[in-house]
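Enquirer: need the 3D shape of this:
(chains A, B and C)
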Amino acid sequence: MNSIKYLFAAYIATWLIHAVYLGSLVRRFSRLRQQLKELGKGK
Amino acid sequence: MKRLFPILAVITAALLAYALYQALVVAPTERTMGDVQRIFYYHVPSAWTAFLLFMVNLVASVVYLIRRNPKADAVAVVSAEVGVVFCTIVLVTGPIWARPVWGIWWTWDVRLTTTLVLWLIYVSYLVLRRFSDSAQTPVLAAALAIFGALDVPLVYFSIWFFRTQHPQPVIGGGGSLDPRMAHALLWNWLAFSCFAFLVCWSRYRLEMLQREVEEAHAMESLAGAGAAASVPLNRSRQ
Amino acid sequence: MNSSPSPHPSSLWSITLATLKKDIRLEWRSKDAINSMLFFSLLVVVIFSFSFDPNAEESREIAGGLVWVAFLFAAVVALNQTWARELRNQVLDAYRVSPAPANSLFLAKALGNFLLVTLLEAVMAPLFTVFYNLRSIGPAWQLIPVGLLGTWALVVNGTFFAAMSLRTRSREIMLPLLLFPISIPAVQAMVEATRIILAGEGAARFWIVLLLTYDVVFTTACLALFGTILHAE
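Expert: Below is the predicted model:
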């Protein structure tokens, strides 16, 4: 059925959005850990 | 506490997989809409989760205004951000569902429109938090959250009345649910709730880490300035 | 200023009026801001009229939306300068430490904005009527309460959000960004009521009641939270 592609689009879109958000969290985490390390060195 | 996270993550992943199986395989095909209707099992739990998170934000905001507890403020930020993510999913899956079923992308459906307005309010909340340079940003954000909460019932009523004057299609289907469909829905709701909890937990840890870094930065610049001053500054960043 | 521990209504009101009169006097002395806003309002009407050129039948249907969107733009321009003078002269700190209740400052500013925006609307509405050859089928007098309630809805929240935007980057964009989502039910009510009255469809009462409810709810919220916001800056 043609409309199946909509079903997959919806499910994929859902996980894509979650993935983008989780990815941004990971990136922010690593940047902050980096900053903490630098601050530790600065002292 | 830290060991709990991976265990919960594995459980949640299993729940999500099982819920997906329920949604795609176990639940029967809907008579009128066909398999496209299965979008329902992602659309509705996302909506419930988003609304729950926004309610958490409201409570946290009120608590913050009364107690000025920074942890309450952190909960507010976290719930707003993750709520917006889930809300975005509702607004994306809604039209994807509507298009093949009703031939239109958008309709001023009560729930969809209220979701849109909530999304707008909370995006503006996040923008305020990011653009506000004041140390009292949490207070401003909390006030905005309260305004948003007051607004939602008004939005609901205005759309509801509008629709009695201008009938439009309803997204999200009413009527009774086959028990197997109800099961699939509840499994997905459970799975996504656990998932949302884990995401919030991670975001909360990120927020705490961020505040720690900002604290450290502030201390460092104070130390630099204090070296020149004779009296040590006694200001703590709250 | 009197330093009474719990200001009773008459002193709240008299301080509000005094502040309002002072604001009006100051604005009147240098009419630059008002004149440029008036001209801006005129421009908005003309641009809209060029862009949307409906016939008489259509214009009654869409005039509500057009007029109120135009009013919204004019209101944002007016609201953005709410605290400009206080910021320029760094007076806000004085307000924070004065014993005068914060609400009287808020009411004065909100009323001042209300008068200003109503003035702009009074200029724009006849222009729209001319450009769109508007003739109301329903009772045109009902447009007055719609106009007053709708304008207050925009102005009360707008004044509040203008104060919230003071310490933000991109202050001028922050105000509409905060105001528009919250104003959605009010704008819908204004537009629908106007459309119904112009097209003579009758049932504008629900929308007027909704506007009234909106005004009461948010005026209360603004008055309740303004003190917190003011001291938060």
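
Enquirer: so for stretch B:30-46, what's the average pLDDT?
Expert: Looking at stretch B:30-46 alone, the average pLDDT works out to 88.

Enquirer: quick one: that stretch near chain A?
Expert: Yes: against chain A, stretch B:30-46 shows contacts by C-beta under 8 Å from any C-beta of the partner chain at B:G34, B:D35, B:V36, B:R38, B:I39, B:Y42, B:H43, B:S46. Every C-beta, even on glycine, is put in place using the N, C-alpha and C of the backbone.

Enquirer: nearest to A:L32 among these?
Expert: Closest approach between those and A:L32, by C-beta to C-beta: B:S46, at 28.3 Å.

Enquirer: OK, contacts around that closest one?
Expert: Contacts here follow C-beta atoms under 8 Å, 6 or more residues apart in numbering or on different chains; on that basis B:S46 touches A:T14, B:F86, B:C87, B:I89, B:V90, B:T93, B:F192.

Enquirer: so what's B:V85 up against?
Expert: Counting by C-beta under 8 Å, 6+ apart, the residues that B:V85 touches are A:I17, A:H18, A:Y21, B:V199.

Enquirer: so which of these also contact chain C?
Expert: Restricting the contacts of B:V85 to those near chain C - C-beta under 8 Å from any C-beta - leaves none.

Enquirer: by neighbours, which of these wins?
Expert: Of all those, the highest neighbour tally under other C-beta atoms under 10 Å in any protein chain shown goes to B:V199, namely 22 neighbours.

Enquirer: the helix or strand hosting that residue close to chain A?
Expert: For B:V199, the element it lies in under DSSP states H and E is helix B:179-228. Yes: where contact is defined by C-beta under 8 Å from any C-beta, part of helix B:179-228 touches chain A, namely B:F195, B:V199, B:S202, B:R203, B:L206, B:L209, B:Q210, B:E212, B:V213, B:A216, B:H217, B:E220.

Enquirer: what about C:L134, how many neighbours?
Expert: 17.

Enquirer: right, and it touches C:L198 too?
Expert: Yes: shown here, C:L134 and C:L198 form a contact pair, counting by C-beta atoms under 8 Å, at 6.8 Å.

Enquirer: before we move on, the earlier item: closest one of the contacts of B:S46 to chain C?
Expert: Sorting these by distance to chain C puts B:C87 at the head of the list, at 12.6 Å, by C-beta to the nearest C-beta.

Enquirer: between helix B:179-228 and the helix or strand in which A:A13 is found, find me the angle.
Expert: When elements are assigned from DSSP H and E, A:A13 belongs to helix A:4-42. Taking axes from the mean of the first three to the mean of the last three C-alpha atoms, to 10 degrees, one finds helix A:4-42 and helix B:179-228 inclined to each other by 20 degrees.

Enquirer: for whatever residue of chain A ends up closest to chain B, phi and psi?
Expert: Each residue of chain A has a distance to chain B, by C-beta to the nearest C-beta, and the smallest belongs to A:S3, at 3.8 Å. Dihedral angles phi and psi of A:S3 (degrees, to the nearest 10) take the values phi -80, psi 0.

Enquirer: so who does the residue positioned nearest the centre of chain C touch?
Expert: In chain C, the centroid-proximal residue (C-alpha atoms, centre = their mean) is C:V155; its distance is 2.7 Å. By C-beta under 8 Å, 6+ apart, C:V155 lies in contact with C:A75, C:L79, C:A110, C:N113, C:F114, C:V117.

Enquirer: now swap in C:L115 and tell me
Expert: When the contact criterion is C-beta under 8 Å, 6+ apart, the partners of C:L115 are C:I24.

Enquirer: assumed it was part of a helix.
Expert: Yes: the secondary structure assignment for C:L115 places it in a helix, going by DSSP: H, G, I helix; E, B strand; the rest coil.

Enquirer: contact residues of chain C facing chain B?
Expert: Taking C-beta under 8 Å from any C-beta as the criterion, the neighbours of chain B within chain C are C:157, C:164, C:167-170, C:174, C:177-178, C:180-182, C:184-186, C:188-189, C:192, C:203, C:206-207, C:210, C:213-214, C:217-218, C:221, C:225, C:228-229, C:232-233.

Enquirer: correction: the previous question concerned chain A.
Expert: Taking C-beta under 8 Å from any C-beta as the test, the list of chain A residues beside chain B reads A:1-4, A:6-7, A:9-11, A:13-14, A:17-18, A:21-22, A:25, A:28-29, A:32-33, A:35-36, A:39, A:42-43.

Enquirer: let's go with 6 Å and repeat that
Expert: A:3-4, A:6-7, A:9-10, A:13-14, A:17, A:21, A:25, A:28-29, A:32, A:35-36, A:39 (C-beta under 6 Å from any C-beta of the partner chain).

Enquirer: now a PyMOL select for only the buried ones of those residues.
Expert: Buried members of these, identified by 16 or more other C-beta atoms under 10 Å in any protein chain shown, are gathered into one PyMOL selection as follows:
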select buried, chain A and resi 6+7+9+10+13+14+17+21+25+32+35
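
Enquirer: looking at chain C, what residue ends up closest to chain A?
Expert: When you check chain C against chain A by C-beta to the nearest C-beta, the closest residue turns out to be C:R169, at 20.1 Å.
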